[in-house]
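Chemist: model this:
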Amino acid sequence: MDAVIAFPLLIGLVAVALFFDFLNGLHDAANSIATIVSTRVLRPHYAVFWAAFFNFIAFLFFGLHVAETVGKGIVDASIVTPAVIFSALVGAIVWNIVTWIAGIPSSSSHALIGGLVGAGVAKAGTGAIVWSGLGKTVAAIVLSPATGFVLALVLVLIVSWLFVRQTPFAVDNTFRVLQFFSASLYSLGHGGNDAQKTMGIIAVLLYSQGMLGQSFYVPLWVVLTCQSALALGTLLGGWRIVHTMGSKITRLNPMQGFCAETGGAITLFAATWLGVPVSTTHTITGAIIGVGAARRVSAVRWGIAGNIVVAWVITLPATAAISALTYLATKLAG
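Modeler: Sure thing, here's the model as predicted:
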């Protein structure tokens, strides 16, 4: 692919990016609905409509800091070409499909970041990497689940103390209602952080083709189409991963579901405000482990959690390798 491409091919690349965004919603639907489904507060099909709605309206509540980080803060925007974008998306899409089929809650976000890094390095070497942006993204691999874990654990302890004199039946009924609010907040945070990653990819593609002028920004039509694609993917759900997230790691009741979602939502809100493209998968998994550990350490199935962590660790290098090979194959074919 040349640096400047025909308009129909540009549209095709935007469509591939939106397909990734759709897969992101499909793959990460579990992040928004696993807890509220596993606690039986909402049936799965109602839960995905609930989550998809808040995924879509998230752009009304957040700035576009994450989109700017992905668009120009991972690899140097000046080296970005359609071939780089195409290769990055292929790496992320392949990894998403593999982990979705296997039912592994890996990170779509880090798959995309790994894809960008792999394609950027294949084109221009390590000098293409914006180390400050990549550094805070890699740090978030550890910090986002750790923060979700701590916040959820602390919330369980606070809530348990506040409701110590209430009957289990009364507590259960109270948190069945409150979980609607916590699930909404988490879905809002999910839509705010995840859709912006694809916005950044499309915006930097348009910028590389001179369609945004001299300044990098995210057009409104890009915002709306990315939010729509993510919400549509969420509507179709990812039931294999819902099962892993909602019941295999630990068993949840409505109070624990509320604490996990609230802890995860606070983490996502903070990360989105700071412009850090975190993994919603990592965040909610850490929060679920936190509420399980608050009950007792043995309540967490640490073997399952360990397998998930392994998937997290290999996501960046795996997608970087796939995208780098795709870039090299693209150049040879061209």
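Chemist: And whichever strand or helix holds Val121, what does it pack against?
Modeler: Using DSSP states H and E, Val121 maps to helix 108-124. Counting by 3 or more CB pairs under 8 Å, 6 or more residues apart in numbering; DSSP states H and E, the packing neighbours recorded for helix 108-124 are helix 7-38, helix 65-72, helix 82-102, helix 131-162, helix 168-208, helix 280-295, helix 302-333. C-beta coordinates here come from the backbone N, C-alpha and C atoms, glycine included.
Chemist: Specify the angle between the third one and helix 280-295 in degrees.
Modeler: Same thing as helix 82-102. 40 degrees (axes from the mean of the first three to the mean of the last three CA atoms, to 10 degrees).
Chemist: Summarise which helices and strands helix 82-102 is packed against.
Modeler: Helices and strands touching helix 82-102, by 3+ CB pairs under 8 Å, 6+ apart, are helix 7-38, helix 108-124, helix 168-208, helix 239-243, helix 302-333.
Chemist: Quick check: which of the ones you listed is buried the most?
Modeler: helix 108-124 (a mean of 28; mean count of other CB atoms under 10 Å).
Chemist: Now Phe62. Its backbone dihedrals?
Modeler: Phe62 adopts backbone torsions of phi -120, psi 160, taken as degrees, to the nearest 10.
Chemist: Could you tell me which residues make contact with the closest residue to it other than its chain neighbours?
Modeler: Spatial nearest neighbour of Phe62, chain neighbours left out: Gly192 (4.0 Å); criterion: CB to CB, 6 or more residues apart in numbering. Applying CB atoms under 8 Å, 6 or more residues apart in numbering, we find Gly192 in contact with Ala58, Phe59, Phe61, Phe62, Val66, Leu268, Phe269, Thr272.
Chemist: filter the residues you listed to the buried ones?
Modeler: Listed as buried from the contacts of Gly192 are Ala58, Phe59, Phe62, Val66, Leu268, Phe269, Thr272; burial here means 16 or more other CB atoms under 10 Å.
Chemist: re earlier: pick out the shakiest of the helices and strands packed on helix 82-102, pLDDT-wise.
Modeler: Ranked by mean pLDDT, the helices and strands packed on helix 82-102 bottom out at helix 239-243, with a mean of 55.
Chemist: after it comes which helix or strand?
Modeler: Per DSSP H and E, the first helix or strand lying C-terminal to helix 239-243 is helix 254-274.
Chemist: Turn the contacts of Gly192 into JSON lines, including pLDDT and distance to Ile288.
Modeler: Output for those, formatted as JSON lines (pLDDT from 0 to 100; distance: CB to CB, whole Å):
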{"residue": "Ala58", "pLDDT": "90", "distance to Ile288": "22"}
{"residue": "Phe59", "pLDDT": "88", "distance to Ile288": "27"}
{"residue": "Phe61", "pLDDT": "90", "distance to Ile288": "24"}
{"residue": "Phe62", "pLDDT": "88", "distance to Ile288": "24"}
{"residue": "Val66", "pLDDT": "91", "distance to Ile288": "23"}
{"residue": "Leu268", "pLDDT": "93", "distance to Ile288": "14"}
{"residue": "Phe269", "pLDDT": "94", "distance to Ile288": "18"}
{"residue": "Thr272", "pLDDT": "92", "distance to Ile288": "20"}
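Chemist: Throw those residues into TSV and include distance to Ala287, thanks.
Modeler: Putting these into TSV (distance: CB to CB, whole Å) gives the following:
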residue	distance to Ala287
Ala58	19
Phe59	24
Phe61	20
Phe62	20
Val66	20
Leu268	10
Phe269	13
Thr272	16
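Chemist: Distance-wise, check the residue nearest to Phe62 relative to Thr330.
Modeler: Counting by CB to CB, to the nearest Å, the separation of Gly192 from Thr330 is 32 Å.
Chemist: Then Gly210?
Modeler: In terms of CB to CB, Gly210 sits 21 Å off from Thr330.
Chemist: Please apply the same query to Ala58.
Modeler: Using CB to CB, Ala58 is found at 33 Å from Thr330.
Chemist: Over to Leu23?
Modeler: Per CB to CB, Leu23 is found 21 Å from Thr330.
Chemist: now do Ile201
Modeler: Remark: distance between Ile201 and Thr330 (CB to CB) = 16 Å.
Chemist: Ok, Gly200 next?
Modeler: 21 Å.
Chemist: Kindly report the same for Val154.
Modeler: Look at Val154 and Thr330: by CB to CB, they are 48 Å apart.
Chemist: With Gly127 instead?
Modeler: From Gly127 to Thr330 the distance is 20 Å (CB to CB).
Chemist: what's the answer for Ile33, then?
Modeler: Relative to Thr330, Ile33 is positioned 37 Å away (CB to CB).
Chemist: can you check Ser132 too?
Modeler: According to CB to CB, Ser132 and Thr330 sit 28 Å apart.
Chemist: repeat for Leu205
Modeler: Relative to Thr330, Leu205 is positioned 15 Å away (CB to CB).
Chemist: show me the contacts for Phe62.
Modeler: Contact analysis of Phe62 by CB under 8 Å, 6+ apart lists Gly192, Gln196, Thr272, Trp273.
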